[in-house]
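Enquirer: Provided below are the primary sequence and the corresponding predicted coordinates.
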Amino acid sequence: MTNDVIIHDVVIVGAGLAGTWAAMTAAQQGVKDVAVLSKLHPLRSHSGAAQGGIAAALNNVRPVAGTGPRGPLEQIPEGDELVDSWELHMFDTIKGSDWLGDQDKIEVMVKDAIDILYQYEHMGCVFSRTPDGRIAQRRFGGHSAPRANYSADRTGHVLLHTIHEQALKHGVKFYPEWYVMDLIIEDNSVRGVVTLEVLTGEIRTIRAKAVMFATGGYGRAFKITSNAFANTGDGVAIAYDAGAPLMDMEFVQFHPTGLYRHGILMSEACRGEGGYLINKDGDHFMKKYAPDKMELAPRDLVSRSEQTEINEGRGVMEDGQGIYLDLRHLGAEKIMKRLPQIRELAINFAGVDPIEEPIPIQPTAHYSMGGIPTDVDGQVIADAEGTPIVGFFAGGEVACVSVHGANRLGTNSLLEASVFGRRAGHAIARFIKGGAELLPLTGDPAERNRRIVAELMDGDGRENVEDIAQELKSTMTQNCGIYRNEAQLKKALNDVKALQERFKSARVMDRSKRFNTDVLAALETKHLLTFSEVIVAGALNRTESRGAHARTDYPKRDDEAWMKHTIAHKSEDGTPRLSYKEVTVFWDRFPPQERKY
Ligand SMILES: Cc1cc2nc3c(=O)[nH]c(=O)nc-3n(C[C@H](O)[C@H](O)[C@H](O)COP(=O)(O)OP(=O)(O)OC[C@H]3O[C@@H](n4cnc5c(N)ncnc54)[C@H](O)[C@@H]3O)c2cc1C
């Protein structure tokens with residue numbers, strides 16, 4: 001056992017796009033000592049799995065005149081009228097958010113979008129291209145112009161590799177496979193983190209002047225999910241336990257096209273390129289639910305439409321729980337060129353070649369709109385009044401700025417992680433160069449965490465961690481899924497609390513120190529149990545339907561009572577204490593409207 005304390009100026013937890021942008025930018029701005037910790041190899045961060053694209057109104061392509069909303073696209077000739085603008089991107093995002101996104105924050109994101117795309121390009125990112133060499137763009141759900149900039153169906157992969165190389169070039173130090181298990185906040189300012197080095201099992205404190213969480217999303221609280229195994233919401237749970245609030249956690253996005261039974265994502269680019277959704281009768285059922293946008297309506301609406309078809313007995317596959325995604329009419333050439341990875345995944349995991357057969361799909365838990373509240377510079381906010389937690393930053397999917405409100409539009413997340421990661425990097429550099437100090441710690445936080453792990457390994461509990469995790473995922477899926485109501489949510493809350501109790505007697509079987517994945521799984525399960533309670537509590541309290549939060553007992557949006565953000569703090573007895581915060585609205589520019597597609 002070592003008691004060595006490590007010290008850095010800046011510790012960033014998470015090596016996805018948000019964390020790496022922040023690290024690279026802070027280093028570029030002259031901060032010498034920036035460390036990035038990641039429980040995975042950095043290039044295995046979930047950002048690298050993103051497929052479809054990153055939004056920005058670059059105006060490179062437009063629909064061919066007279067061909068309708070699903071027709072072909074062409075590059076915009078030099079000097080011709082433009083079809084897109086940041087204002088239009090802003091409106092689409094606000095409407096997509098069901099008027100819960102903060103409009104001032106959205107404005108910052110869509111304006112920064114254009115510049116950050118060119119920064120990626122200048123760093124050498126390999127985008128797909130138009131015939132004359134501009135960045136290629138495709139359609140995406142809820143966007144009223146083709147503004148998803150892409151690299152085939154491997155966009156996240158190329159973005160992450162590009163920014164990772166830049167971070168290395170600027171001298172950022174990476175700690176791969178270091179698991180952060182605790183955050184130290186005293187007197188409303190951050191002091192450091194406690195880490196478990198996966199390879200050795202050593203638990204150490206790392207002290208820092210600034211800490212940023214960029215730990216990604218929490219889709220793994222659900223049974224069917226597109227998220228990587230690592231997306232267990234550690235960051236939200238750890239921050240909440242350390243006293244930071246969480247915002248809008250009840251808004252969880254279900255993506256309409258996860259591979260049937262696996263949940264593996266079949267990118268929205270499939271529909272962006274012209275794919276259809278059909279039920280067991282061969283009907284293009286979206287014409288009933290979104291006559292204008294059809295398959296390219298936003299995700300909350302398409303997932304609900306699919307679920308309604310399934311619930312009413314028009315699903316496919318033996319249990320009727322699937323829907324077909326049909327790409328056959330796109331033809332082999334387009335599928336091989338634009339969606340090669342999708343084809344590979346469908347063949348390998350479902351035994352279906354999309355060139356010849358429709359792909360069986362179902363809605364899949366995909367994205368976490370909620371998270372740690374921050375301002376536009378990644379500064380974490382302690383309460384509805386905007387008090388900062390000094391030295392604590394967050395960005396990317398773990399954060400809630402909020403730009404996505406109640407429902408995120410596809411391609412806006414790679415954008416958010418990049419834009420607000422970069423902004424956080426600038427803010428961290430200002431904070432450090434402005435004379436931030438390394439503050440002292442009380443006690444030995446590493447020792448406290450060593451006891452938690454020892455208890456898991458050597459305690460006399462008999463509960464199996466995996467059983468608890470599976471039961472949690474079942475109740476969250478059944479009772480806090482696409483559709484919810486009071487009775488279901490009460491059941492979910494009781495289940496989560498009972499599982500939290502059982503977890504107190506959890507024990508892991510593997511007692512070894514090195515690479516003990518049982519211990520990691522136990523810590524992750526504890527995190528799932530912590531934030532799931534916040535999701536359910538927020539959902540139970542919110543007696544309306546908005547974006548991804550659809551209550552069958554309160555089917556209408558209620559702006560009078562509920563156009564506000566949920567803020568949850570952990571109270572003394574461990575349960576979430578909820579309060580609410582106004583949404584920023586530009587009443588003269590984007591007043592609330594009915595959301596139709
Ligand atoms: C399959 C899939 C496809 C997607 N496609 C798109 C798309 O086309 N366009 C789009 O805009 N969005 C897409 N998204 C969403 C988007 O990819 C993510 O929201 C975004 O990449 C999140 O980036 P991030 O930097 O916040 O976190 P991530 O990239 O998820 O990185 C999280 C990091 O935190 C680290 N970490 C987590 N917990 C700990 C801990 N306890 N200790 C240490 N390190 C920790 C991880 O190791 C990792 O490095 C997709 C998501 C999925 C799942």
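Expert: In hand now; what should we look at? Numbering: from 1, shown residues only.

Enquirer: isn't residue 551 right next to residue 543, touching?
Expert: Yes: if you go by C-beta atoms under 8 Å, residue 551 and residue 543 touch, sitting 6.9 Å apart. (C-beta placed from N, C-alpha, C; glycine too.)

Enquirer: who's more crowded, those two?
Expert: When neighbours are counted by other C-beta atoms under 10 Å, residue 551 and residue 543 differ, and residue 551 comes out ahead with 20 against 13.

Enquirer: which residues does that one contact?
Expert: For residue 551, the contacting residues are 483-486, 539, 542-545, by C-beta atoms under 8 Å, 6 or more residues apart in numbering.

Enquirer: once you drop chain neighbours, what's closest to it?
Expert: residue 545 (5.1 Å; C-beta to C-beta, 6 or more residues apart in numbering).

Enquirer: cool, and residue 85?
Expert: Counting by C-beta to C-beta, 6+ apart, the nearest residue to residue 85 once its immediate chain neighbours are dropped is residue 57, at 5.6 Å.

Enquirer: Three-state assignment for the one you found, please.
Expert: Secondary structure for residue 57, judged by DSSP: H, G, I helix; E, B strand; the rest coil, is coil.

Enquirer: could you check how far it is from residue 125?
Expert: Per C-beta to C-beta, to the nearest Å, residue 57 is found 18 Å from residue 125.

Enquirer: which one of these two has more residues nearby?
Expert: Neighbours per residue, other C-beta under 10 Å: of residue 57 and residue 125, the larger number sits with residue 57, 26 against 20.

Enquirer: quick one on the thing from earlier: of the contacts of residue 551, buried ones?
Expert: Among those, those buried by neighbour count (16 or more other C-beta atoms under 10 Å) are 483-485, 539, 542, 544-545.

Enquirer: any part of the least confident helix or strand in the chain by mean pLDDT near the ligand?
Expert: Ranking every helix and strand in the chain by mean pLDDT, DSSP states H and E puts helix 269-272 at the bottom, with a mean of 91. No: with C-beta under 6 Å from any ligand atom as the criterion, the ligand is not reached by helix 269-272; the gap is at least 7.2 Å.

Enquirer: now do that helix: distance to the chain's middle.
Expert: Computed by C-alpha atoms, centre = their mean, to the nearest Å, the chain-centroid distance of helix 269-272 equals 20 Å.

Enquirer: what of stretch 522-539?
Expert: The answer for stretch 522-539 is 16 Å, by C-alpha atoms, centre = their mean.

Enquirer: so is it next to the ligand?
Expert: No: using C-beta under 6 Å from any ligand atom, stretch 522-539 never reaches the ligand; the gap is at least 7.8 Å.

Enquirer: per-residue confidence averaged over that stretch?
Expert: Per-residue pLDDT over stretch 522-539 has a mean of 98.

Enquirer: show me what the longest helix along the chain is packed up against.
Expert: In terms of residue count, the longest helix belonging to the chain (DSSP state H) is helix 517-541. Helix 517-541 sits against strand 178-186, strand 189-197, helix 234-241, helix 445-458, helix 465-479, helix 486-503, strand 564-570, strand 576-582, with contacts defined as 3 or more C-beta pairs under 8 Å, 6 or more residues apart in numbering; DSSP states H and E.

Enquirer: make CSV from those and add mean pLDDT and distance to the ligand to it.
Expert: Output for the helices and strands packed on helix 517-541, formatted as CSV (pLDDT from 0 to 100; distance: least, C-beta to the nearest ligand atom, whole Å):
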stretch, mean pLDDT, distance to the ligand
strand 178-186, 98, 4
strand 189-197, 98, 7
helix 234-241, 98, 3
helix 445-458, 95, 12
helix 465-479, 97, 16
helix 486-503, 98, 17
strand 564-570, 98, 18
strand 576-582, 97, 21
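
Enquirer: so which of those is the most surrounded?
Expert: Stretch with highest mean neighbour count among those: helix 234-241 (a mean of 26; mean count of other C-beta atoms under 10 Å).

Enquirer: quick one, it and strand 576-582 angle?
Expert: Here the directions of helix 234-241 and strand 576-582 differ by 100 degrees (axes from the mean of the first three to the mean of the last three C-alpha atoms, to 10 degrees).

Enquirer: what comes into contact with the helix or strand that comes right after helix 234-241?
Expert: Using DSSP states H and E, the helix or strand that follows helix 234-241 towards the C-terminus is strand 246-247. Residues outside strand 246-247 that contact it (C-beta under 8 Å, 6+ apart) are 236, 239-240, 370-373, 400, 402, 531, 534, 565-568, 581.

Enquirer: with just CA atoms, put stretch 401-415 into PDB.
Expert: Only the C-alpha atoms of stretch 401-415 are listed here, as PDB (Å, rounded to 0.1, in the frame of the first residue of the first chain):
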ATOM      1  CA  VAL A 401     -25.400  23.300 -19.500                       C
ATOM      2  CA  SER A 402     -28.400  23.000 -20.600                       C
ATOM      3  CA  VAL A 403     -28.400  23.000 -24.400                       C
ATOM      4  CA  HIS A 404     -30.500  19.900 -25.000                       C
ATOM      5  CA  GLY A 405     -33.300  20.600 -22.500                       C
ATOM      6  CA  ALA A 406     -35.800  17.800 -22.600                       C
ATOM      7  CA  ASN A 407     -34.600  16.100 -25.800                       C
ATOM      8  CA  ARG A 408     -31.200  16.300 -27.600                       C
ATOM      9  CA  LEU A 409     -31.100  16.500 -31.400                       C
ATOM     10  CA  GLY A 410     -28.700  14.000 -33.100                       C
ATOM     11  CA  THR A 411     -25.200  15.400 -33.800                       C
ATOM     12  CA  ASN A 412     -25.600  18.100 -31.200                       C
ATOM     13  CA  SER A 413     -23.700  16.100 -28.600                       C
ATOM     14  CA  LEU A 414     -20.300  15.700 -30.300                       C
ATOM     15  CA  LEU A 415     -20.800  19.400 -30.800                       C
END
